[in-house]
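Sequence and predicted model, in that order:
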Amino acid sequence: MDTIALHQHDQYDRRSPRFLVRTVALLALSGITGVFSGILHAETPAKPAVNPVEVDYQNSVQPIFSRYCTGCHNAREPEGELSLESYADIQKGGADGPILASTAEKSRLLGVLNGTVEPAMPPEGEPRPTTEEIAVLSRWINSGSKGQSRDEKRVVTTPRLTPAEGKKPITAIAVSPDGNLLAIARYDTVQLFKQNPGEDPTANKPIHRLEGHGGKINDLRFTPSSEKLLVAGGIAGKNGEIVLWDVENGKKLKTFSGHQDTVYVAIVSDDEKTLASGSYDQKILIWDFQSGEILHTLSGHNGPIFDLAFSPDANNLVSASGDTTVKVWHVPSGRRVDTRSEPLKEQYSVAFSPDGSQFVAGGADNRLRVWKLVSRDQLRINPMLHARFGHEGAITRLRYSADGKSLVSAALDNSLKVWNMPQLSQRVVYEDQPDSIEALAIDSVGNQLVAGRMDGSLGFYPLVENLWEQENLIAHTEQDSGKRLAKGASSKATLSNRDGESKQIQEVVELEPNNSTSDANRLHPPSVAHGTIETTTAGENSDSDLFRFFSKKGQSWVLEIDAARNDSPLDSKIEILDAEGKPVTRVFLQAVRDSYFTFRGKNSNQIDDFRLHNWREMQLNQYLYANGEVVRLYHYPRGPDSGFKVYPNFGLRQCYYDTTPLSHALGEVCYIVEAHRSEKSIVPNGLPVFPINYENDDDSRRLFGSDSRLTFRAPETGEYLVRVRDVRNFSGPEYSYKLRVRPENPGFHLRFDRNLMVPPGGGRRVNMKLKRTDGFEGPVQIEVANLPEGFTITAPLSIEAGQHRATALVQASSDAAPPSDEAVKKVKVVARGMVNGKEIVEELGDLGTIKLDRQSKLDISVILDNESLESDGLPVLLVPAGKTIKCRLEVHRKNHEGIIGFGREEAAWNMPHGLYVDNIGLNGVLMPANENQRDVFITCESWVVAQERPIFFEATIDGRPTSKPMMLRVIPMKTTPLVLNNPQ
């Protein structure tokens with residue numbers, strides 16, 4: 001008894017209140033029946049025979065079970081293997097036998113409900129069967145517990161409600177593919193209207209009125225031929241039905257019955273051979289559309305099926321469910337081929353692109369997600385291409401236009417939007433709707449949207465064909481024309497351009513007062529201003545210095561503070577103001593995805609372990625905004641116990657738009673953002689827009705410490721102000737600074753490893769690092785010539801646009817002799833890059849000393865699938881963009897028997913950005929002591945361009961032996977020419 005009672009109360013705790021009474025009332029029956037089976041058949045004194053009045057099971061008994069019991073004891077999830085949904089189920093009993101006896105007095109059912117047998121059910125405080133209802137059950141048992149086992153209909157007890165006055169809500173809408181008909185469903189009735197161009201079809205009487213549906217209609221779909229209409233609906237908790245109508249004569253053709261609960265969606269494949277339906281009963285049924293035979297029952301969702309979409313070839317089906325997942329199915333076999341678990345809440349709608357290459361879903365988490373379809377007939381992971389915050393309310397409806405260039409979305413926040421596809425950029429936001437949109441259709445012939453609302457109203461909106469992109473969406477680069485500050489300049493500080501022309505730099509000392517716009521000191525850039533943040537007026541707590549200068553539109557200036565680097569206590573901040581002293585806005589950052597920091601916060605220096613909520617929706621190279629700081633995502637987390645790496649992926653983290661590095665707290669909100677030149681061009685999406693002004697506290701490149709640095713491009717010709725102050729509002733005579741205002745000077749400087757020790761028959765890694773100046777983001781080609789005899793270096797060698805590192809491999813042949821000093825000095829390293837249309841050449845001398853090292857402790861080789869392919873004498877590793885490939889590492893151990901490590905995501909050296917070693921966990925690529933082989937997986941992001949780069953592997957043991965190099969060749973996703981030996 002005690003064990004049974006505890007079990008029942010555990011179930012009580014885990015169930016929601018609306019199922020509680022049903023759960024507990026009959027939960028005892030299956031478990032207690034076995035314990036007290038002897039009681040059910042115990043001998044009791046005979047009583048005089050009576051003539052019990054027969055009780056109708058269907059109308060009197062089943063409603064009691066439905067009201068109190070079937071929440072748990074149902075056919076889908078029968079607690080204790082006991083279902084009370086049908087008479088046949090009741091006769092079967094539960095796991096421990098029958099639950100009914102020959103008379104009510106002997107029945108355990110009545111004892112539990114009356115409280116004469118412990119534990120009494122339902123629990124105290126919950127609704128209980130009334131005395132009259134228990135009497136009905138008693139009479140039914142005494143009359144022989146008669147019922148019906150065939151053609152039994154489930155009974156749903158619902159309260160009687162007085163219908164509300166006014167228009168009934170529109171629950172579903174469909175437009176025929178030929179554009180001739182509009183179907184509108186209001187509760188259980190469908191009206192068919194004839195459409196004429198330029199007219200409101202509902203102004204005329206409907207051509208047909210389709211009635212007789214069993215419950216609320218949830219979905220309408222025309223067949224692709226426009227000759228028939230599918231109507232899906234049913235009664236919640238009872239049954240679902242799909243009715244097929246002939247739209248020409250308005251006659252019912254067929255009813256598809258098979259679901260145990262209301263049907264939310266029913267769709268027909270383009271070839272009109274297959275029907276798919278989804279229901280609240282968590283099942284997807286695949287039907288033969290002609291015969292009505294059920295071909296497959298797709299189980300796997302743990303929530304209601306809200307929407308379905310066929311691929312154009314009817315080979316795949318995508319389902320959106322209340323269990324927060326989107327699943328992909330192979331229709332011919334009925335197999336599930338993928339489950340996308342990125343959504344955070346229930347998914348209400350799903351759609352296939354007309355070309356079948358992508359599918360999109362939306363739901364209660366307010367986001368739109370687009371996946372590329374790759375799991376067409378086998379288990380594959382469909383990569384997510386886009387994820388965007390779509391609406392401020394749950395997304396309820398998604399529809400593609402026939403040409404696939406537009407996606408329309410509706411949400412519970414009464415909003416309606418159109419998106420450019422396939423890039424998923426927001427195009428149009430229609431006016432707020434008077435009520436939430438319950439139904440949505442696209443009339444591709446009439447080029448319009450049709451929206452049905454909960455208040456019963458109907459809306460028609462034009463769908464513009466000539467798509468426009470947001471012209472003011474800008475690239476995230478900061479390069480522009482400029483001049484170079486001469487090296488080794490004298491104390492007079494001259495400025496020289498590349499044609500050899502020089503100009504004196506103006507040097508001034510600030511003159512107080514200069515803390516107001518009217519008193520600003522005049523500068524004539526290029527200039528250097530010497531000043532001190534010191535209050536000169538009694539009562540002032542802080543000081544700021546203002547300088548005025550003139551600039552033409554489009555001119556770019558670099559403003560630098562030299563204070564902390566000269567031991568000044570000033571923690572500077574510089575700002576650009578217009579002539580009236582108002583901040584000048586640099587860019588507007590629109591949030592497209594919201595998140596927050598998880599696990600732990602971040603200090604202002606860290607570049608790794610950025611753990612972000614819902615990180616799987618983010619992509620490399622996207623910009624992350626957090627409390628005024630903007631960083632860029634460099635590398636994905638390596639698993640659940642790691643986070644993003646941000647640029648530059650080494651040293652101190654770099655910020656963008658001259659924002660200042662900050663510390664961030666656990667749980668702090670952050671956003672993925674996109675940049676816009678003008679606030680007027682931004683289409684609202686429900687997330688904030690952040691104006692970024694021309695200002696800086698600490699150098700965003702992390703080269704000047706706490707000193708400020710700012711790049712300013714004048715938006716208009718006119719006067720501008722520079723304000724210098726201490727960010728803490730400190731001041732004093734020792735708070736001195738030097739302000740430089742100079743033209744922007746894009747350029748670069750290359751550094752590399754020198755003095756090499758190379759083992760005979762092996763190689764040695766050479767790291768190349770690029771210092772970029774004044775916004776230069778272009779690629780740089782590196783040439784290493786005149787190596788001594790017997791030595792080679794991998795080529796071509798380049799540093800990609802926006803990146804800072806590359807790696808070369810210097811090899812020595814097995815018979816190489818130690819090179820002479822004269823031979824080593826002949827080595828030449830040259831770096832070349834294009835700056836503002838001109839080639840800049842930097843000659844960097846030699847590699848220092850080059851000597852032979854001792855023999856390596858092991859030999860490393862890489863086994864490829866296509867050993868016959870070669871490029872520049874190297875075997876070729878083919879990597880398609882957007883996919884993961886496999887190669888194999890093999891080692892021949894000479895003098896090392898222990899574990900061999902090869903690094904983590906960058907274990908393959910010199911790979912372009914966007915390629916990384918995958919499936920490695922936190923420990924990276926390891927080869928145990930007793931093994932000599934290891935498979936390595938390399939993933940290539942979909943946006944990586946066609947290119948070739950030499951790569952190699954390096955072991956982390958003593959001596960750091962390397963593999964032979966191979967040529968990595970990226971195959972782009974789209975058909976574009978392959979540019980060999982050129983990463984751009």
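Looks like it arrived, so ask away.

Next, R369: phi, psi?
phi -130, psi 140 (degrees, to the nearest 10).

for it, what are its contacts?
Counting by Cβ atoms under 8 Å, 6 or more residues apart in numbering, R369 touches 326, 340, 342-343, 360-362, 384, 386-387, 617. For every residue, glycine as well, the C-beta is placed using N, CA and C.

Highest neighbour count among those?
Highest neighbour count within the contacts of R369, by other Cβ atoms under 10 Å: G362, with 30 neighbours.

Pop out the phi and psi values for the most centrally placed residue in the chain.
For the chain, the residue nearest the mean C-alpha position is E617 (1.6 Å; Cα atoms, centre = their mean). Dihedral pair for E617: phi -90, psi 0, per degrees, to the nearest 10.

if I pick it, what's in contact with it?
342, 367, 369, 384, 387, 593 are the contacts of E617 under Cβ under 8 Å, 6+ apart.

repeat for G747
The contact partners of G747, by Cβ under 8 Å, 6+ apart, come to 484, 772-774, 776, 835, 840.

ditto for I920
Per Cβ under 8 Å, 6+ apart, neighbours of I920: 638, 904-905, 907.

how about a cut-off of 6 Å?
R904 (Cβ atoms under 6 Å, 6 or more residues apart in numbering).

And the pLDDT at E152?
pLDDT for E152: 57.

Could you give the bridge partners of T962?
E954 (DSSP bridges).

what's the neighbour count on the residue lying closest to T223 once chain neighbours are set aside?
Counting by Cβ to Cβ, 6 or more residues apart in numbering, V268 is the residue found nearest to T223 once chain neighbours are left out, at 5.2 Å. Neighbour count of V268, defined by other Cβ under 10 Å: 22.

if you look at the contacts of R369, which of them are in helices?
Judged by DSSP state H, the subset of those located in helices is empty.

can you put these in TSV and add distance to L230 and pLDDT?
Output for these, formatted as TSV (distance: Cβ to Cβ, whole Å; pLDDT from 0 to 100):
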residue	distance to L230	pLDDT
V326	22	97
R340	26	96
E342	30	93
P343	27	94
V360	22	98
A361	22	98
G362	23	97
M384	31	91
H386	31	91
A387	32	91
E617	34	91
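
For G452, state which of the residues you listed is nearest.
G362 (17.9 Å; Cβ to Cβ).

Quick one: mean pLDDT for stretch 915-931?
87.

Give me the residues contacting stretch 650-664.
So stretch 650-664 is contacted by 587, 597, 601-605, 607, 626-627, 629-630, 646-648, 692, 696-698, 700, 702, 710 (Cβ under 6 Å, 6+ apart).

Recalculate using a threshold of 8 Å.
Residues contacting stretch 650-664 (Cβ under 8 Å, 6+ apart): 476, 478, 586-587, 589, 597, 601-607, 623, 626-632, 646-648, 670, 675, 692, 694-698, 700-702, 709-711, 804-805.

got it, and stretch 805-821?
650, 756, 758-770, 782, 784, 787-794, 797-800, 847, 850-852, 909-910, 950, 952, 962, 964-965.

Quick check: buried residues in that stretch?
805-812, 816, 819 (16 or more other Cβ atoms under 10 Å).

Could I get the contacting residues of P304?
With Cβ under 8 Å, 6+ apart, P304 has these contacts: 261, 264, 278-282, 321-322.

Pick the one among those closest to H330.
G278 (16.5 Å).

Point out where the chain drops to low pLDDT.
1-53, 96-97, 99, 119, 148-160, 163-166, 464-503, 538-539, 867-868, 974-984 (pLDDT under 70).

Let's see if you can find the most crowded of the contacts of P304.
Result: G278 is most packed of the contacts of P304 (other Cβ under 10 Å), 30 neighbours.

C-alpha coordinates for stretch 896-913, CSV please?
C-alpha atoms of stretch 896-913 as CSV (Å, rounded to 0.1, in the frame of the first residue of the first chain):
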residue,chain,number,x,y,z
HIS,A,896,59.3,7.7,-29.3
GLU,A,897,56.8,5.3,-27.8
GLY,A,898,54.5,7.6,-25.9
ILE,A,899,51.4,9.7,-26.7
ILE,A,900,51.7,11.9,-29.8
GLY,A,901,49.8,15.2,-29.9
PHE,A,902,49.2,17.2,-33.1
GLY,A,903,47.4,20.3,-31.8
ARG,A,904,43.7,21.3,-31.8
GLU,A,905,41.6,23.0,-34.5
GLU,A,906,44.7,24.3,-36.2
ALA,A,907,46.6,21.0,-36.2
ALA,A,908,46.9,21.3,-40.0
TRP,A,909,49.1,24.3,-40.3
ASN,A,910,48.6,27.1,-42.9
MET,A,911,45.0,26.3,-43.7
PRO,A,912,42.9,29.3,-44.8
HIS,A,913,40.5,30.9,-42.4
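
What is the distance between it and the centre of its chain?
The chain centre lies 29 Å from the centre of stretch 896-913; the measure is Cα atoms, centre = their mean, to the nearest Å.

buried ones in that stretch?
The neighbour-count criterion (16+ other Cβ under 10 Å) identifies 896, 900-913 as the buried residues of stretch 896-913.

ditto for stretch 440-456
For stretch 440-456, using 16+ other Cβ under 10 Å, the buried residues are 440-444, 446, 448-454.

how about the strands in the stretch 201-350 of the chain?
Assigned by DSSP state E, counting those that start in this stretch, the stretch 201-350 of the chain shows strands spanning 208-210, 216-222, 228-235, 239-246, 251-257, 263-268, 274-279, 284-288, 294-298, 305-310, 316-321, 326-330, 335-340, 347-352.

CSV for the ones you listed, including distance to L192?
Below are the strands of the stretch 201-350 of the chain laid out as CSV (distance: least, Cβ to Cβ, whole Å):
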stretch, distance to L192
strand 208-210, 4
strand 216-222, 10
strand 228-235, 7
strand 239-246, 9
strand 251-257, 12
strand 263-268, 17
strand 274-279, 20
strand 284-288, 24
strand 294-298, 28
strand 305-310, 23
strand 316-321, 28
strand 326-330, 32
strand 335-340, 36
strand 347-352, 24
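
Minimum distance to K168: which of those has it?
The nearest among the strands of the stretch 201-350 of the chain, by Cβ to Cβ, is strand 216-222 at 10.2 Å.

Which two among the buried residues of stretch 440-456 are spaced furthest apart?
S444 and M454 (25.3 Å).

So which of the buried residues of stretch 440-456 are in strands?
Applying DSSP state E to the buried residues of stretch 440-456, the entries found in strands are 440-443, 448-453.

Columns distance to E211 on top of those residues, output as JSON lines?
Compiled in JSON lines, those are given as follows (distance: Cβ to Cβ, whole Å):
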{"residue": "L440", "distance to E211": "24"}
{"residue": "A441", "distance to E211": "21"}
{"residue": "I442", "distance to E211": "27"}
{"residue": "D443", "distance to E211": "25"}
{"residue": "Q448", "distance to E211": "28"}
{"residue": "L449", "distance to E211": "27"}
{"residue": "V450", "distance to E211": "22"}
{"residue": "A451", "distance to E211": "24"}
{"residue": "G452", "distance to E211": "18"}
{"residue": "R453", "distance to E211": "22"}
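
who's in contact with C940?
879-885, 914-915, 970.

how about 6 Å then?
879, 881, 915.

Give me the distance between it and R969.
Using Cβ to Cβ, to the nearest Å, we find C940 at a distance of 11 Å from R969.

Likewise for D178?
Taking Cβ to Cβ, one finds D178 at 48 Å from R969.

Over to N649?
In terms of Cβ to Cβ, N649 sits 24 Å off from R969.

what's the answer for A714, then?
Counting by Cβ to Cβ, the gap from A714 to R969 is 45 Å.
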